[in-house]
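**Student:** Quick check, what structure comes out for this input:
(2 chains)
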Amino acid sequence: MKVNGTAHKVGDHIDTDAIIPARFLVTTDAKELGANCMEGLEAGWVKRVKDNDVMVGGVNFGCGSSREHAPISILGAGIPVVLAHSFARIFYRNGFNMGLVLLEIGDDVDKFSDTDEIEVDTASGVIKNLTTGATVQAAPVPPFMQEILNAGGLVEYAKKKLA
Amino acid sequence: MGQTLAEKILQNHTDEQVSGAGQIVQCKVDMVLANDITAPLAIKSFKAMGANKVFDQDKVSLVCDHFTPNKDIDSAEQVKVVRDFAEEMGVTHYYECGEVGVEHALLPEKGIVGPGDIVVGADSHTCTYGGLGAFATGMGSTDVGAAMALGETWFKVPPTIRVNLTGTPGEYVGPKDYVLNQIGILGVSGALYKALEYGGEVVDDMTLEGRMTIANMAIEAGGKVGLFPVDQKTLNYSANAGFKGGEMMTADADAVYERVLDIDVTGMAPQVACPHLPDNVKPVDETAGLKIHQAVIGSCTNGRIEDMRLAAEVLKGRKVNPKVRCIILPATPSIWKACMREGLMEIFMDAGCIVGPPTCGPCLGGHMGILAGGERAISTTNRNFKGRMGSLESEVFLSNPAVAAASAVAGEIINPAKL
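**Tutor:** Next comes the predicted model:
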C-alpha cells in the first residue's frame, strides 16, 4: 500500500488519554471515535486531518491504557499510518490487530516536520519526505507479526485457527 | 543458563524451549480478563473471528468496574453487551452490581488469579498480578478476544530489569513511594517491552498488597510485567483467597538481566509524581504548599485495606479542608466491609470525606470526581497524563494514601509527617 499525505507531528510520550479521552469510550464506532481523535491533546485537533494523512509521533507513542479505541480513533480520523521514534507495547500490538500501519524509525523521526508532504510504502517500509527530499527506511516488522498481517489481521488469523 | 521469573512462567506454559529475550512463544493462558470499556470491543472481535464459545467458562473474567454504577445511557448499553455475553457464554466470573470491585483488587482477593499464572487482560494495569508472581500483562481487546476463543496467545520473551529494594523505610514511606521513585529513575519508557523483576529485603518484608501496588505501575515505566518472587507469604495469601495451586518460585541465581537497579529506601521521602507524566517525580517537600481542590484515595493501585488504614490513620480526629473534595473509594465490597468493621468509615465520615462505591470512576476521568479547568488533585491512582481526571487545564499529582489524606486536611500538598 502506498500512502500520500500531510504529516501531523505530535510530541513524545503521546498517551492514550491524549489520543482518545475516556469520556469518549462509550462507543466502539470508528467514525465517532475518529471525530474525537487527539481531543485529549488539543480541542478540535482532528479538523486539520484529511484522508490518508500521516501521524508522526516521538518516543513511546501510545503509552498508557490498553484501549483499542486509540488505534481505531486514528484510523477513524482517516490516518492509515503512524511513524514514530518508538511505540508503547500494547499500542503496537493493537495497531497491528486493527490494521493501522506503525513504522518505527528512531531518530529519523526528526527528518519530518509538521505539514511536510509524505509518501509511505507500507510493504517496503520506505518513507519519503516529498517536501525535503529525505528518504528513510523503517525497521522491519517482526516475522511473526508479519504472519498475522499476511493472514489479514488477528481476527482472520484466529478465524483460521478456530476453523 | 539461568532463567528470570518471566522466562520461568512462560516456560511452564509452552511446549517450546524458552531460550532468551526476543524469542516469540505461543503460551496457554490461565485467565483472560476484560472490563466494561474493553469487553464490548473484545466481544465484537470474538464474534468476527467466528467463535461461538469461550475456551473455558472458568477462565474468563468480565468485570464492569470503569463506568459503573452506569454513568449514562451509553455506558449502560455497554454493560448490557457484556452482561448478555457473559450469560450467553456461561462465564463464571462475571461481576457487576453489589459484587463488583476494581478488577485488579477483586481478582486476587477472590483467588481467581494466583502465583505462576499467565493472565492477559484488556486493561493495562493487568500487570498488578505480578505482585502474586503471575505473568500478567495488558493487551488490547482483539488480542483478548482471541485469547477468550483460543485459550492461548503469543508473547515476545522480554528482557528483564532487576530492581533490588534494600534498606529501612521512614515514616509514611512505602510501596507507592518506591515505585514512583523507580519510575522517576527509569522514565516512562525506561522499561519499554521489558519485564521488571523485584527482590531484596524490603520485598521479603512487604505484604502482598504492597507488592501489587508496585506491580500495578510496571506499565507506567512502559513495562510488560512487574514480577515478584513467590514466597510463603504469597502462598498463604493465595490459599486464603481460595486459589488452587501455586508453588514457591524465585529467579535463578545466574539469570541474565539487562540491567540491575539497586534502590536503597533508607532516608527516602514520600514521593509525588507531578503533571503530566508519572516519571516527573519529586520528594513531597518540593511540591509542598501547592493548593489542591480534590484528593482521591482508591483505585487498583491504592484502594486496598492497607491503603484505607493508612488514610484513616492520618484523617483520624482531623477535618478535611472545606475547599477540598476528599473522595475515598474502597476498591472492593469486602474492603468496604472491612472499613466498616474496623471503624474506618466513621473516621472518614467524621473527617468530611465523600465515600463512594468501588469503581475506577475518577482515576480515568470517567465519573464520580471530575476536575474543572484550573483545578488540581492529589491522587493515589497511577496516571497523571494531561486531562486524565477531567479538564485539559487540570492537574493530577500522584502520591501514597498518607500524603493524599494529609493534603486533603491541609488544603495543599504536604508531607504527612509535617501535618
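**Student:** Who are the contact partners of the residue lying farthest from the centre of chain A?
**Tutor:** The C-alpha centroid of chain A is most remote from residue A:163, which lies 30.5 Å away (C-alpha atoms, centre = their mean). Applying C-beta atoms under 8 Å, 6 or more residues apart in numbering or on different chains to residue A:163 gives the contacts residue B:50. Just so you know, the C-beta spots here come from the backbone N, C-alpha and C atoms, and that holds for glycine as well.
**Student:** Residue 162 - how many residues pack around it?
**Tutor:** In the absence of a named chain, chain A is used. Per other C-beta atoms under 10 Å in any protein chain shown, the neighbour tally for residue A:162 reads 13.
**Student:** meant chain B actually
**Tutor:** Neighbour count of residue B:162, defined by other C-beta under 10 Å: 22.
**Student:** which stretches of chain A form helices?
**Tutor:** Defined through DSSP state H, the helices belonging to chain A, from first to last, are A:16-19, A:30-34, A:69-76, A:89-98, A:143-151, A:154-162.
**Student:** can you redo these as TSV with distance to residue A:105 and mean pLDDT?
**Tutor:** TSV is the format used below for the helices of chain A (distance: least, C-beta to C-beta, whole Å; pLDDT from 0 to 100):
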stretch	distance to residue A:105	mean pLDDT
helix A:16-19	19	97
helix A:30-34	24	97
helix A:69-76	17	97
helix A:89-98	14	93
helix A:143-151	17	80
helix A:154-162	24	90
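**Student:** Can you list the buried residues in stretch B:154-170?
**Tutor:** Using 16 or more other C-beta atoms under 10 Å in any protein chain shown as the test for burial, stretch B:154-170 gives B:154-165, B:167, B:169.
**Student:** And for stretch A:41-50?
**Tutor:** For stretch A:41-50, the neighbour count (16+ other C-beta under 10 Å) marks A:41, A:45-46, A:49 as buried.
**Student:** and chain A, which of the buried residues of stretch B:154-170 reach it?
**Tutor:** Restricting the buried residues of stretch B:154-170 to those adjacent to chain A (criterion: C-beta under 8 Å from any C-beta of the partner chain) gives B:154, B:156.
**Student:** any idea of the angle the helix or strand hosting residue B:153 forms with helix A:89-98?
**Tutor:** Under the criterion DSSP states H and E, the helix or strand holding residue B:153 is strand B:152-156. Computed by axes from the mean of the first three to the mean of the last three C-alpha atoms, to 10 degrees, the angle separating strand B:152-156 from helix A:89-98 equals 120 degrees.
**Student:** What is strand B:152-156 packed up against?
**Tutor:** Helices and strands touching strand B:152-156, as assessed by 3 or more C-beta pairs under 8 Å, 6 or more residues apart in numbering or on different chains; DSSP states H and E, comprise strand B:24-28, helix B:141-150.
**Student:** Dump the ones you listed into a markdown table; add mean pLDDT as well.
**Tutor:** Output for the helices and strands packed on strand B:152-156, formatted as a markdown table (pLDDT from 0 to 100):
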| stretch | mean pLDDT |
| --- | --- |
| strand B:24-28 | 95 |
| helix B:141-150 | 97 |
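**Student:** now, of the ones you listed, which is deepest in the fold?
**Tutor:** Using mean count of other C-beta atoms under 10 Å in any protein chain shown, the stretch among those with the largest mean neighbour count is helix B:141-150, at a mean of 28.
**Student:** on that earlier part again, from the chain's centre, how far out does the strand holding residue B:153 sit?
**Tutor:** 22 Å (C-alpha atoms, centre = their mean, to the nearest Å).
**Student:** In its sheet, which strands sit next to that strand, and in what direction?
**Tutor:** Within its sheet, strand B:152-156 is paired with strand B:24-28 (antiparallel), according to DSSP bridges.
**Student:** any idea how far residue B:412 is from residue B:321?
**Tutor:** For residue B:412, the distance to residue B:321 (C-beta to C-beta, to the nearest Å) stands at 8 Å.
**Student:** same thing with residue B:249?
**Tutor:** The span separating residue B:249 from residue B:321 equals 46 Å under the rule C-beta to C-beta.
**Student:** Pull up the residues of the stretch 201-350 of chain B that are close to chain A.
**Tutor:** Of all the residues in the stretch 201-350 of chain B, those in contact range of chain A (C-beta under 8 Å from any C-beta) are B:219, B:222, B:224, B:277.
**Student:** Next, give phi and psi for the first one.
**Tutor:** Which is residue B:219. phi -60, psi -30 (degrees, to the nearest 10).
**Student:** So what does the nearest residue to it once chain neighbours are set aside have for phi and psi?
**Tutor:** Setting aside the residues directly before and after it, residue B:219 is nearest to residue B:124 in space (C-beta to C-beta, 6 or more residues apart in numbering or on different chains), at 4.8 Å. Dihedral pair for residue B:124: phi -70, psi -20, per degrees, to the nearest 10.
**Student:** Name all residues that make contact with residue B:124.
**Tutor:** When contacts are counted by C-beta under 8 Å, 6+ apart, residue B:124 touches A:64-66, A:90, B:138, B:219.
**Student:** Farthest pair within the residues you listed?
**Tutor:** In the contacts of residue B:124, two members sit farther apart than any others by C-beta to C-beta. They are A:64 and B:138, at 10.0 Å.
**Student:** just to revisit the earlier point, nearest to residue A:130 among the buried residues of stretch B:154-170?
**Tutor:** Relative to residue A:130, and with distances defined as C-beta to C-beta, the nearest of the buried residues of stretch B:154-170 is residue B:156, at 34.4 Å.
**Student:** what residues are up against the closest one?
**Tutor:** Listed by C-beta under 8 Å, 6+ apart, the contact set of residue B:156 reads A:142, B:22-24, B:193.
**Student:** is it in a bridge, and if so with what?
**Tutor:** With DSSP bridges as the criterion, residue B:156 is bridged to residue B:24.
**Student:** how far is stretch A:142-154 from where the chain is centred?
**Tutor:** 17 Å.
**Student:** as a whole number, average confidence for the longest strand anywhere in chain A?
**Tutor:** Taking residue count as the measure and DSSP state E as the definition, the longest strand of chain A comes out as strand A:2-9. What strand A:2-9 shows for mean pLDDT is 97.
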